[in-house]
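Engineer: Prediction below, plus the sequence it came from.
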There are 4 protein chains.
Amino acid sequence: MRKNSKDAIVNAAIELFNTKGYNGTSVRDIADKANVNPANIAYYFKNKHGLLEYCFTAFFENYLAEIEKGFSLLEAGAAHCLKQIAANVIEFQCKNIHLTRFILREMSIDSQVVREIMSTYYVKERYFFHKIIEKGMEQKEFRSHSVPYLILQFKSLLSMPFLNTHYVTEVLHVFLNEKYFAKKYLQEIFLWIDGVLCTHPSELKEKAVIN
Amino acid sequence: MRKNSKDAIVNAAIELFNTKGYNGTSVRDIADKANVNPANIAYYFKNKHGLLEYCFTAFFENYLAEIEKGFSLLEAGAAHCLKQIAANVIEFQCKNIHLTRFILREMSIDSQVVREIMSTYYVKERYFFHKIIEKGMEQKEFRSHSVPYLILQFKSLLSMPFLNTHYVTEVLHVFLNEKYFAKKYLQEIFLWIDGVLCTHPSELKEKAVIN
Amino acid sequence: MRKNSKDAIVNAAIELFNTKGYNGTSVRDIADKANVNPANIAYYFKNKHGLLEYCFTAFFENYLAEIEKGFSLLEAGAAHCLKQIAANVIEFQCKNIHLTRFILREMSIDSQVVREIMSTYYVKERYFFHKIIEKGMEQKEFRSHSVPYLILQFKSLLSMPFLNTHYVTEVLHVFLNEKYFAKKYLQEIFLWIDGVLCTHPSELKEKAVIN
Amino acid sequence: MRKNSKDAIVNAAIELFNTKGYNGTSVRDIADKANVNPANIAYYFKNKHGLLEYCFTAFFENYLAEIEKGFSLLEAGAAHCLKQIAANVIEFQCKNIHLTRFILREMSIDSQVVREIMSTYYVKERYFFHKIIEKGMEQKEFRSHSVPYLILQFKSLLSMPFLNTHYVTEVLHVFLNEKYFAKKYLQEIFLWIDGVLCTHPSELKEKAVIN
DNA sequence: CATGAATGAGGCTTCATTCAT
DNA sequence: CATGAATGAAGCCTCATTCAT
C-alpha cells in the first residue's frame, strides 16, 4: 500500500467526491479511505483544491481525446463522425462512471476552476462540434438549424445518464454497468441524430462500434 | 428587515446554493445576504439542512403540479400532452432558474433527502410519463420503443440547459433569460418528440402555448 | 395551567436542575417542561440565574427553619436536641428530594451565589451546631472533641443519601421513598450520636419523633 | 508548550471542572488555561465529553486500586482492613483534591457515563465493602447491622470533606492541605469504626499508617 | 400576562493545513 | 516519503435574552 499512495488518493477522492460532492468531502475522509496520512495529500497535490484540479484535467484531457479521435473521421460524413464521437464518449464515461458524475456535477458550480476548464476544454469541444454540424449542413446531410441548440441537445444526451446515475437505477431500474447499456443507449443517440438532425434518416445499420 | 425574514432567507439561500453549492455555502453567508441573524435560520428551519429540505419540497411540489397540469390533457393525444408538459416545465424552470439549477445539481448527490425525493416525486413523475408514452404507443402515435430510455431522454432535454446555465451562456452564448429562449428551446423539444418519438411527424404548427 | 405559571416553572426547574445540573439545563427545557413561554421565566425571575437564586433561598430558608426548630430544644439536652434536628432535616429533605440533591450538588461549585449562601445560612447553621456541641461537652454529655470535625461528620451523615440518590438506589438497592427509609436512616444517625459523640451511650429508646 | 499538551489539557480541565463544573466550563476555557489550541482537545480526546470520560476512569481506576490494596489485608481483621482502606482513600483523595471534588459532584448527575461508572467501579467497590463487613460480623468483630446502611455511612465519611472543600475551609476554617488534616480526619473515621461498627472498641492505638 | 420573532454571544466541533521528526 | 502533533479559521448550532404585540 506504500506503493502507489498517489493513485490510492486519487481513487479515494473520486469515489468520495462522487458520493458526497467536493465540498462535502473532507481531506481526512479521503486520507482514511486511501489508507494514507492526510499530510500526504498536501505533499502530492499541495491542496485539497489541487487534488480537484488534478481530477478535472485528468478527466477532460481524456474526454477531449475521445472527441478528437472521432473528429478525425469527419471526412467520412458528419453523421458518421458524430456517431463515432458519441460511441467514444459513452464508452469512456462508462469506464469512469464515478469520475464522470462528479465532474459533470461540479461543472455546474460557479468557480474559478470551472471557468478555466470551460474556456479551454469546452471551447475546444464546441469548436469540433461546430465544425461537424456545419459540414453536415453544408453537405445537406443535416437539416439547417441553430447550431448551439443542437450542441446543447447532443451534450445533454451524452451526459444525462451519467450525472443522474441514481435516478436511472433507482427510479427507471436501468443498470448502467450492464454490458449492453452502452450499446443500447447509443442507439437512442443515433436515433436522435437520424430523426432530429438528418434530413433523410440515414441507414440505421450504421456500424459505429463499441468494443 | 423585521418583516419577511423567512422569505429573505430562502431567497438568499437559493441564490447562494445555486452559485456555490449547498456544502459550499455557510449559514453565515446566507444570513449576511439576507440581512438577518444566523440564529434566525435555526429558528425557522431548525437547521441548515431543514432549509435545504424546504427548498427541495418547494421546488418539487410546484414542478410536479406543472406536470400534472399537462397530464390532464392526455385525452387530447399523447404527443400534444407531452408537449404541453414540456411547455409548462420549461416555463416554470425559466421562472426559477437559480432554484432549478441548484436542485438539479443537488439531486445528483447520494443523500437521505435525495433518496426520499426520488421515491416520492420522481416516482410519481415516472408514473405520468409512463402513462403518456404507453398511451401514445397503443394509439400508434408513437413508435414502439423502450419507455425508460425515452423518459431518460425527455428528462435530459428538459433539464440540461438549466443545470448548465454557465456553459450555455459562456460557451454557447445563448441567453436563458431572453424572452424567446423558452419558445425556441421548446421547438427543439417538439422536434425531438416529432422526430424521435412519433411515427409520422405530426404537424409542427402544434399550438402548445407558453403564456 | 395558566393558573400557576410560576410554580410550574419552579417545579420544572427543580426537576431538571436535579437531573442535568444547572448548567446542563436550558431555559427552553424548563419552559417546555412547564408548558410556558420562555420569556415568562424572564418575567418572573428576571433571569435563569434569578430562578436559581429563588431555589436556593427557598431551600435554605426552610432548611434553617427546621434546624432552628430543633435548636429550641437545647435545654432538654444536647444529644436530644441534635437528634431532633436530624429528624427534622431528614424529614424535610425526604419531602424535597429533587431540590435537595440539586442544591447540595450546586453548593460544591465556586460561585458568587454559593459564597453568599455560605456566609449567611451555613454560618448560622454552624452557630447552632457549635452551641449544641459545646453545651453537650460542658455538660459532659459529649466527649471532648474537635467541634468542626464533629460538625463535618454530622453534616455528611445528613446529606449523603440525598446527594447520591442514584448510588443509593442503583448500587445499594435502598429506596429513599419507601416510607421507613427516614426512620431507619435516622437510627443510624442516632447510633453515630450515641456511639461517637456521647461519653456513655444514652438510652437508645430516645423518643425523637418523625411525624 | 509543544511538549505535553495532553497533560496540560487534563490538568487545566480538572482545575476548571472542579471550580465551575463540567457544564460550566467551555472548551475554550480549558484550552486557554492549558495554553493549547482548542482543536487539540478534539485531537486527544475526540470530544469535550471524551475528556470527561478520561478524567472519570483516571480517577476510578486509581481509587479502586487503593481499595483493593487495603482489601488484601482482610485476613488481618475486618476493622484493621477497613481502617487501612480509609487511610489509603483519604491519602489518595488528598493528593487529588480537585479531581476528587469534581468527580464526586459529577457522579450526582443522571447521565450515561455515570451509570456506566456505577455499574462497574461502584459495584466492585460495594463488593469489597460487603465482604469486609460480612467478615467482621461473622467474627463478632462488628455488631450485626444492615450492611448497605453501613456502607453508605462509611462512604459519606470518606467523601464529604472533599466534596465540600469550600464549606470546610470557609465556614469551618479547617484546611485540607495542611499536612495533618489527613491524619486527624482519619482518627475521626477510626472513631466511627470503633464506636459505631465494632462491638468492643478495639484498641485505638491501631497503627494504620499514612505516609 | 403571554407570546412569537429576532438577536448576539458563545459553545463545540471539524476542517485544511503546516511543521518537526 | 511518511507521520503525528499542533494550529487557526471557520462551520453549525444553542443559548439566554429582549422586545413589540
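Structural biologist: Done, it's in. Residues are numbered from 1 along each chain as shown, chains lettered A, B, ... in the order given.
Engineer: Contacts only, for A:Lys140.
Structural biologist: Neighbouring residues of A:Lys140 by Cβ atoms under 8 Å, 6 or more residues apart in numbering or on different chains: A:Thr199. C-beta: built from backbone N, CA, C; applies to glycine.
Engineer: Name the single longest helix found in chain A.
Structural biologist: helix A:48-71 (DSSP state H).
Engineer: what packs against that one?
Structural biologist: Applying 3 or more Cβ pairs under 8 Å, 6 or more residues apart in numbering or on different chains; DSSP states H and E, one finds that helix A:48-71 makes contact with helix A:5-20, helix A:38-45, helix A:78-95, helix A:97-106, helix A:112-117, helix A:123-138.
Engineer: Include mean pLDDT and mean neighbour count when you put these into a markdown table, please.
Structural biologist: Below are the helices and strands packed on helix A:48-71 laid out as a markdown table (pLDDT from 0 to 100; neighbours: other Cβ atoms under 10 Å in any protein chain shown):
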| stretch | mean pLDDT | mean neighbour count |
| --- | --- | --- |
| helix A:5-20 | 93 | 20 |
| helix A:38-45 | 91 | 16 |
| helix A:78-95 | 95 | 22 |
| helix A:97-106 | 96 | 23 |
| helix A:112-117 | 93 | 14 |
| helix A:123-138 | 96 | 18 |
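Engineer: Nearest approach to C:Gly24 belongs to which of those?
Structural biologist: Among those, the nearest to C:Gly24 by Cβ to Cβ is helix A:5-20 (33.6 Å).
Engineer: how about the CA coordinates for that closest one, as CSV?
Structural biologist: Extracted C-alpha coordinates of helix A:5-20, given in CSV (Å, rounded to 0.1, in the frame of the first residue of the first chain):
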residue,chain,number,x,y,z
SER,A,5,-0.1,6.4,-2.5
LYS,A,6,-0.9,8.9,-5.1
ASP,A,7,-3.2,6.6,-7.1
ALA,A,8,-4.9,5.5,-3.9
ILE,A,9,-5.6,9.1,-3.0
VAL,A,10,-7.0,9.9,-6.4
ASN,A,11,-9.2,6.9,-6.4
ALA,A,12,-10.5,7.5,-3.0
ALA,A,13,-11.1,11.1,-3.8
ILE,A,14,-13.1,10.3,-7.0
GLU,A,15,-15.2,7.8,-5.0
LEU,A,16,-15.9,10.3,-2.3
PHE,A,17,-16.4,13.4,-4.4
ASN,A,18,-18.8,11.4,-6.5
THR,A,19,-20.8,10.3,-3.5
LYS,A,20,-20.7,13.4,-1.3
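Engineer: before we move on, the earlier item: now do the longest helix of chain A, average pLDDT.
Structural biologist: Helix A:48-71 shows an average pLDDT of 96 in the prediction.
Engineer: Please identify the buried residues of it?
Structural biologist: Going by neighbour count (16 or more other Cβ atoms under 10 Å in any protein chain shown), the buried part of helix A:48-71 is A:48, A:51-56, A:59-60, A:63-64, A:66-67, A:70-71.
Engineer: Also stretch A:182-198?
Structural biologist: A:182, A:185-186, A:188-198.
Engineer: My read is that A:His173 contacts B:Pro148, right?
Structural biologist: Yes: the criterion here is Cβ atoms under 8 Å, and A:His173 meets it with B:Pro148 at 7.1 Å.
Engineer: Which residues of chain A lie near DNA strand E?
Structural biologist: Within chain A, the positions adjacent to DNA strand E are A:25-29, A:38-39, A:41-42, A:46-49 by Cβ under 7 Å from any atom of the strand.
Engineer: Can you pick out the most distant pair from those?
Structural biologist: A:Asp29 and A:Lys46 (18.4 Å).
Engineer: among the helices and strands packed on helix A:48-71, which is nearest chain D?
Structural biologist: Of all the helices and strands packed on helix A:48-71, helix A:38-45 sits nearest to chain D, with 12.4 Å by Cβ to the nearest Cβ.
Engineer: So the closest one, near DNA strand F or not?
Structural biologist: Yes: using Cβ under 7 Å from any atom of the strand, we find that helix A:38-45 touches DNA strand F at A:38-40, A:43.
Engineer: what residues go with each domain of chain A?
Structural biologist: A:1-46, A:55-197 (automatic domain parsing).
Engineer: and the gap between the closest residue to A:Leu157 other than its chain neighbours and chain D?
Structural biologist: Leaving aside its sequence neighbours, A:Leu157 sits nearest to A:Ile189 (Cβ to Cβ, 6 or more residues apart in numbering or on different chains; 5.3 Å). Shown here: A:Ile189 relative to chain D, a distance of 51 Å by Cβ to the nearest Cβ, to the nearest Å.
Engineer: what's the answer for A:Asn177, then?
Structural biologist: In terms of Cβ to the nearest Cβ, A:Asn177 sits 39 Å off from chain D.
Engineer: Out of the buried residues of helix A:48-71, which is nearest to D:Leu82?
Structural biologist: A:Lys48 (61.8 Å).
Engineer: Quick check: closest non-adjacent residue to the closest one.
Structural biologist: That would be A:Val27: by Cβ to Cβ, 6+ apart, it lies 5.2 Å from A:Lys48.
Engineer: That neighbour reaches A:Gly50, doesn't it?
Structural biologist: No: counting by Cβ under 8 Å, A:Gly50 is not a contact partner of A:Val27; they are 11.1 Å apart.
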